[in-house]
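Enquirer: no sequence for this one, just the structure:
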């Protein structure tokens, strides 16, 4: 492709993307294709002759769009949002177009320094503790690809600290014990497993009626493990669980953890961004006691996936866990200690220039837009809750302080679990809205996650009408 | 930003990217800024009022470009290439613009099915074994973010298989032993460390004069470990090491490994892509005996970072190691077994629609372009080797079958290590070319990695003239 062709096709795709986002509401929210249907529309073997680019663009409409579940659809109420704003799409174009690597400061200083500054800007915008700032004595932040990676990074730093670094040499993790509730995200179990902490070394701490961790039970379990000669090393406090957006009490959890030298990780992947709005800053209660923390602008701030903010108050442990310096990566800048090499703050070596998305978004009014959007979503969720509460056939099964409402059909005939499942399946098959199910202490629930940028009151009204009609 | 503003700024940025790539040769290859200089050009605190988008574009030129080390510069001879083609930049725009998640088939079927097809297309184009194909009995491929993640994934699958799955429960990794040469990439040690395999459980297998693993030494070490009651479980065979592009003999290594039930991972991150050219397909000699394999289109095929191809012949072990299924991720499609959920093939949960880059590239003639480019780079490297060999002040310190040449000053006064280091530093400070140093068995060498898309003979001539002038 010549530069002139790139310009021509680039302009066409800018129009294509703009139009897709303007018209996404016309599509079924969840893709209606059957397994294998997309692949069957394409050649089984690679082409031997080049095709015109126009054919590729045509196949976006013919093949790709029907195979999408439209996360930007205003009636997308499934999973958690992955909403995107226009500025961050443009930033991704620039990131791709300059094609630099940010593994070390020296491999592109702007990539590192703008990322550090964006992490400090976000620390201010979210009201996070000063000890997470790059200018603090032992803290700092980094953009990770996902909360899964942030969690694993946190576990590795904690593992290093708990073993005095010995784990890097002897690899013995058999005495280490981790703690979370049954409501913690699957990435917690996955991260622990990867780090050599098996399910037998993971304690499921009981939760209260609001699905939040009971700190008294945590204390009891930690003390029992210590008495048994084990080493409690890491606890995950969720601020906004995936199933129901439950809020673990960070303060009381941290009190137990600190008494025993444990690492406290706060997983606020979904909800932490709410703190952009001052009145919602309570989501960060107790975070000043955490050793690490993460939240995802790629969920609720309009910044394209992938963009997870990971902060730690113990950079020393992080680097102890992850730093390896081969000859071909040495640099005078790094050895002077004057710069950050983010490769030592994450699992992979290579890294994209992801901070441009934050930079573009924040500078062009994206924070005010995000606050408006968050407030709108929270208000809509509370309105929906009132409608559900007024319908005797339904019940709400968990607190709903932000933008997730878990509802279900009341017990009756057929049994409420099966009836709720059937309702969700029929709603999703309609293509008009999309929901996800979960199970809370054996109770099937329909999660209504209100988080798309374009969701208005009418979409929530329509989604609720659909559920009522199908119930 | 309104859709109309998005269109306007999008068109401006398409022009900006086209112009950047056309004019990148004008810049110093390595950024000339000092630590802190980029950050100091920006406000320490986030803006409270929105700025016009034009100000952001202006800052790309004022702040970002001077802070870049230009990986797309034709005189970039450092590290390994991360070259990009126009089609894959456009694909990244679409990926960002549709903003879908590909963690499960059901979360966007096209994202999964096009990825599977692209992995199968690449299996054909690279001449990889049929047992890596998605349609094989127990194999398949996935796009990972980086070779680091692919390596870790391989280690975790091997760890699962060697312990019969017990590691997921008891987390005991203390008897497991891994093998690699001192030339293996730093991500090998990092991946092992993350998985609870410390340096005391990692054997550095001696290499021969060409920096390739000695299979006889591997056999001796494995047998000694078994005799000591330990469990050899994983060996990394490099096809193209980072320091010198050494080629470990996969066949003899796999023979040792198979005799003892070990997992063979082939790391061909840089060199595997060479197999697009039929006459270079020898890079895959022995790969038919491997349990897993990776190579990076984001290095030498023009497909934007991040795009690592990871294949395994043992999908069962991979899923055993990484699959976790919480209620909120269940789907009828997944439970029917008819679809792939790629979240279980990788470390993170979330994933971008990365296969579009391969699709756009392959369909629009990108394979033929890549073959031409690879052949040009290999030819230029051999020409450079002839020039170096003809200069009595220099010597070549490793085999150079592809596009990396390691050279150094001959012993003299001052000592050759210091003189070679000084030469590299002065060359890089000039901004005219960029090289990386390495150390091979105590010998400092200048790595000349020829891999940018726009590199022509004159750039290699100029780089060589620069080294001679500064030596």
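Expert: Ah, there it is. All figures in this text were calculated on a predicted structure; none of them were measured in a lab. Numbering: from 1, shown residues only, chains lettered A, B, ... in the order given.

Enquirer: how far off centre is the helix or strand of chain A with the lowest mean pLDDT?
Expert: Comparing helices and strands within chain A by mean pLDDT, DSSP states H and E singles out helix A:332-335 as the least confident, with a mean of 73. Offset of helix A:332-335 from its chain centre (C-alpha atoms, centre = their mean, to the nearest Å): 33 Å.

Enquirer: work out for me the element the residue sitting furthest away from the middle of chain A sits within.
Expert: The centre of chain A is farthest from one residue, residue A:49, which by C-alpha atoms, centre = their mean lies 40.9 Å away. Assessed by DSSP states H and E, residue A:49 sits outside every helix and strand.

Enquirer: can you tell if stretch A:318-332 touches chain B?
Expert: Yes. Judged by C-beta under 8 Å from any C-beta of the partner chain, stretch A:318-332 and chain B are in contact via A:321-322, A:324-330, A:332. C-beta coordinates here come from the backbone N, C-alpha and C atoms, glycine included.

Enquirer: ok, stretch A:235-253 next?
Expert: Yes. Contact between stretch A:235-253 and chain B is present through A:242-243 (criterion: C-beta under 8 Å from any C-beta).

Enquirer: before we move on, what about stretch A:295-307?
Expert: Yes. Using C-beta under 8 Å from any C-beta, stretch A:295-307 comes into contact with chain B via A:298, A:304-306.

Enquirer: so which of the residues you listed wins on neighbours?
Expert: Of the residues of stretch A:295-307 next to chain B, residue A:298 is surrounded by the most neighbours, 32 neighbours in total, counting by other C-beta atoms under 10 Å in any protein chain shown.

Enquirer: relative to residue A:92, how far out is that residue?
Expert: Using C-beta to C-beta, to the nearest Å, we find residue A:298 at a distance of 11 Å from residue A:92.

Enquirer: where does the stretch 101-250 of chain A dip in pLDDT?
Expert: Within the stretch 101-250 of chain A, no stretch has pLDDT under 70.

Enquirer: what segments of it are helices?
Expert: Listed in chain order, the helices of the stretch 101-250 of chain A (DSSP state H, counting those that start in this stretch) span A:109-125, A:147-162, A:167-170, A:186-194, A:215-227, A:250-259.

Enquirer: nearest to residue A:361, of those helices?
Expert: Across the helices of the stretch 101-250 of chain A, residue A:361 has its closest neighbour in helix A:109-125 (9.5 Å, C-beta to C-beta).

Enquirer: what residues does the stretch 251-400 of chain A put near chain B?
Expert: Selection of the stretch 251-400 of chain A residues close to chain B by C-beta under 8 Å from any C-beta yields A:298, A:304-306, A:321-322, A:324-330, A:332-333, A:336, A:338-339, A:347-350, A:352, A:356, A:359-360, A:362-365, A:367-368.

Enquirer: which other helices and strands contact the helix or strand where residue A:380 lies?
Expert: Using DSSP H and E, residue A:380 maps to helix A:366-389. Where contact means 3 or more C-beta pairs under 8 Å, 6 or more residues apart in numbering or on different chains; DSSP states H and E, helix A:366-389 is packed against helix A:297-300, helix A:355-363, strand A:394-396, strand A:404-409, helix A:457-469.

Enquirer: tell me the secondary structure for the nearest residue to residue A:451 once chain neighbours are set aside?
Expert: For residue A:451, the nearest residue in space outside its immediate sequence neighbours is residue A:81; the separation is 2.8 Å by C-beta to C-beta, 6 or more residues apart in numbering or on different chains. Going by DSSP: H, G, I helix; E, B strand; the rest coil, the secondary structure assigned to residue A:81 is coil.

Enquirer: for burial, what's the neighbour tally of residue A:81?
Expert: By other C-beta under 10 Å, 27 other residues sit near residue A:81.

Enquirer: for it, what are its contacts?
Expert: Under the criterion of C-beta atoms under 8 Å, 6 or more residues apart in numbering or on different chains, the neighbours of residue A:81 are A:71, A:299-300, A:449, A:451-452.

Enquirer: and among the helices of the stretch 101-250 of chain A, the most buried is which?
Expert: Comparing those on average neighbours per residue, with mean count of other C-beta atoms under 10 Å in any protein chain shown, the densest one is helix A:147-162 at a mean of 27.

Enquirer: wait, does that helix contact chain B?
Expert: Yes. Using C-beta under 8 Å from any C-beta, we find that helix A:147-162 touches chain B at A:147-149, A:152, A:156.

Enquirer: which of these sits closest to residue B:275?
Expert: Proximity of those to residue B:275 was ranked by C-beta to C-beta; the top entry is residue A:149 with 30.3 Å.

Enquirer: hang on, isn't that closest one packed against residue B:350?
Expert: No. No contact is recorded between residue A:149 and residue B:350 when judged using C-beta atoms under 8 Å, the distance being 9.4 Å.

Enquirer: what residue ranges in the stretch 301-450 of chain A score low on pLDDT?
Expert: A:413.

Enquirer: against chain B, how distant is residue A:90?
Expert: Counting by C-beta to the nearest C-beta, to the nearest Å, the gap between residue A:90 and chain B amounts to 6 Å.

Enquirer: where does that residue sit: helix, strand or coil?
Expert: Residue A:90 is classified as helix under three-state DSSP.

Enquirer: look at it and say how many residues are nearby.
Expert: Residue A:90 is flanked by 32 other residues according to other C-beta under 10 Å.

Enquirer: how about residue A:195?
Expert: Here the neighbour count serves as a burial measure; for residue A:195 (other C-beta under 10 Å) it reads 28.

Enquirer: ok, for residue A:436, nearest residue in space, not its chain neighbours?
Expert: On the basis of C-beta to C-beta, 6+ apart, the spatially nearest residue to residue A:436 that is not a chain neighbour turns out to be residue A:78, at 4.4 Å.

Enquirer: how near is the one you found to residue A:42?
Expert: The value you get for residue A:78 to residue A:42, if C-beta to C-beta is used, is 26 Å.

Enquirer: more neighbours: those two, which one.
Expert: Relative neighbour count places residue A:78 above the other of residue A:78 and residue A:42, with 25 against 16, counting by other C-beta under 10 Å.

Enquirer: need the contact list for that one.
Expert: Taking C-beta under 8 Å, 6+ apart, we find residue A:78 in contact with A:29-30, A:69, A:428, A:434-436, A:447, A:449.
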